[in-house]
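Student: below: sequence and its predicted model.
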Amino acid sequence: MKVRLTFTEPLLGTLAGDKELAKEYIASKCGGDTLNKDEAECIDNIDEELEKGSTIFNSDDKGILLWDYQVKGFFKDAMLALIGSDKFTQEALKKVSLTKYMYKRMIDHQLFVNPRKIYLKLSGETFFVERPLRADTMRGERIALARSEAAPAGTTCEVEIVTMQKKLVPFIYECLDYGSLRGIGQWRNSGMGRFTYEEIE
């Protein structure tokens with residue numbers, strides 16, 4: 001199935017502004033120690049003047065983008081929420097190996113996202129969002145400032161979702177519906193990155 005996602009809230013970038021950190025992270029997500037040409041090109045586009053504490057979007061000469069694994073990560077997050085809801089019985093979930101112990105493996109092996117680079121069609125200029133991060137540590141509460149590049153609400157992208165298990169299709173639709181409640185990217189708990197979708201040819 002092919003869908004168009006329309007972000008109803010700003011979508012925040014997740015790539016570290018520090019080039020070396022970004023290289024390590026992307027390589028770890030792609031199952032290797034080195035980056036291919038496309039991945040390296042996106043890292044090279046990082047502006048040296050951006051603060052190391054910022055998160056930004058991947059980009060190349062065609063524009064800013066999400067990687068396929070980021071959308072796949074959304075499906076893992078949404079599927080876990082689905083498993084914990086009462087939308088489907090535990091028996092129905094078990095029949096397609098969607099238990100809290102097996103769902104990641106099922107998504108990794110049976111659900112695929114194309115294209116590799118998912119370009120964003122921006123509805124306006126990107127901007128930066130700053131927010132406090134709070135954490136309870138052994139030394140007490142710590143507060144830091146996080147800064148993320150954001151694509152404005154109304155931004156769209158097109159994604160093809162492929163599965164070799166037809167039984168997964170109803171669950172894929174449920175996950176896409178979940179995108180209106182909890183989206184993609186940084187700071188999802190605050191509502192950032194929420195989206196609606198429509199099927200396209």
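Tutor: Noted; the coordinates are in hand. Residues are numbered from 1 along each chain as shown.

Student: can you tell me the SS state at the most centrally placed residue in the chain?
Tutor: Closest to where the C-alpha atoms of the chain average out (C-alpha atoms, centre = their mean) is Gln70, at 3.4 Å. The assignment at Gln70 comes out as helix when based on DSSP: H, G, I helix; E, B strand; the rest coil.

Student: please apply the same query to Asp108.
Tutor: Assigned with three-state DSSP, Asp108 falls in the helix class.

Student: how about it: what's its closest non-neighbour residue?
Tutor: Leaving aside its chain neighbours, Asp108 sits nearest to Lys72 (8.0 Å; criterion: C-beta to C-beta, 6 or more residues apart in numbering). Any C-beta I mention is one placed from the backbone N, CA and C, and that applies to glycine too.

Student: OK, contacts around the one you found?
Tutor: Lys72 sits next to Ile107, Asp108, Leu111, Phe112, Val113 when contact means C-beta atoms under 8 Å, 6 or more residues apart in numbering.

Student: my guess is the residue nearest to the centre of the chain contacts Thr14. True?
Tutor: Yes - between Gln70 and Thr14 there is a contact at 6.9 Å, judged by C-beta atoms under 8 Å.

Student: remind me which residues of the protein are low pLDDT?
Tutor: Counting by pLDDT under 70, the ranges of the chain that qualify are 17-53, 133, 144.

Student: please, where are all the strands along it?
Tutor: Along the chain, the segments classed as strands by DSSP state E run 2-7, 11-12, 15-16, 54-56, 58-60, 63-67, 111-114, 117-119, 127-137, 140-151, 156-163, 195-200.

Student: relative orientation of the longest one and strand 156-163 in degrees?
Tutor: Orientation of strand 140-151 against strand 156-163 (axes from the mean of the first three to the mean of the last three C-alpha atoms, to 10 degrees) gives an angle of 100 degrees.

Student: pull strand 140-151 out as PDB, backbone CA atoms only.
Tutor: In PDB, the C-alpha atoms belonging to strand 140-151 read as follows (Å, rounded to 0.1, in the frame of the first residue of the first chain):
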ATOM      1  CA  GLY A 140      18.900  14.900  42.000                       C
ATOM      2  CA  GLU A 141      16.900  16.500  39.200                       C
ATOM      3  CA  ARG A 142      18.800  17.700  36.300                       C
ATOM      4  CA  ILE A 143      17.600  20.100  33.600                       C
ATOM      5  CA  ALA A 144      19.100  20.600  30.200                       C
ATOM      6  CA  LEU A 145      18.000  22.500  27.100                       C
ATOM      7  CA  ALA A 146      17.200  20.500  23.900                       C
ATOM      8  CA  ARG A 147      17.100  22.200  20.500                       C
ATOM      9  CA  SER A 148      15.500  20.600  17.400                       C
ATOM     10  CA  GLU A 149      14.900  21.600  13.900                       C
ATOM     11  CA  ALA A 150      11.200  21.300  13.000                       C
ATOM     12  CA  ALA A 151       9.200  21.000   9.800                       C
END
